[in-house]
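Peer 1: I'll drop the sequence and a predicted model, then ask my questions.
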Amino acid sequence: MKIKSQYLKLNNSILGESDIYLLLRVQPYKKYDPITQKTTNEIEGYCFKIGIDDPAREIDSEKLEVKIAGVNPIPQYKSGDRVFCKFKNLQLTISKLEYGQAEIKGTADGITLVNEK
């Protein structure tokens with residue numbers, strides 16, 4: 001059986017036992033127009049880059065991008081500050097499979113900052 005990687009759903013436990021992550025950077029992402037096959041100047045949402053460490057699964061200092069559509073849900077955050085966060089309804093999907101390794105992307109409905117891990 002063959003299936004497109006976009007339809008494979010992953011369990012969030014692949015990221016480790018905790019659902020609290022180190023937030024590394026926030027940046028807006030622009031809307032993609034499928035007709036012209038180009039990005040527009042309109043901001044569609046924000047991309048949150050988080051750090052993942054789980055030596056038991058051979059995940060060492062990896063980064064994961066999680067996109068949240070809409071306005072920035074944490075406007076008080078300054079990019080570059082190292083704080084911890086938690087996502088609401090985090091969904092992981094495989095975006096690319098190459099040579100036995102999968103590239104994972106994430107989407108969520110919301111994000112909150114937490115004080116400690």
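Peer 2: Received it, and whenever you're ready, just let me know what you need. Residues are numbered from 1 along each chain as shown.

Peer 1: Which strand in the protein has the most residues?
Peer 2: Under DSSP state E, the strand in the chain containing the largest number of residues is strand 38-54.

Peer 1: So which elements touch it?
Peer 2: Of the remaining helices and strands, those touching strand 38-54 by 3 or more Cβ pairs under 8 Å, 6 or more residues apart in numbering; DSSP states H and E are strand 20-33, strand 59-69. No exception for glycine: its C-beta is placed from N, CA and C like everyone else's.

Peer 1: now the shortest one and strand 20-33, what's the angle there?
Peer 2: What separates the directions of strand 59-69 and strand 20-33 is an angle of 50 degrees, with axes from the mean of the first three to the mean of the last three Cα atoms, to 10 degrees.

Peer 1: Give me the buried stretch members for the following helix or strand past strand 59-69, please.
Peer 2: Helices and strands here follow DSSP states H and E; after strand 59-69, the next one along the chain is strand 83-88. Using 16 or more other Cβ atoms under 10 Å as the burial criterion, the residues of strand 83-88 that qualify are 84-87.

Peer 1: between the residues you listed, which is closest to Glu17?
Peer 2: When the buried residues of strand 83-88 are compared for distance to Glu17, the smallest value, 13.7 Å, is given by Lys86; criterion: Cβ to Cβ.

Peer 1: show me what contacts the closest one?
Peer 2: When contacts are counted by Cβ atoms under 8 Å, 6 or more residues apart in numbering, Lys86 touches 19-21, 111-112, 114.
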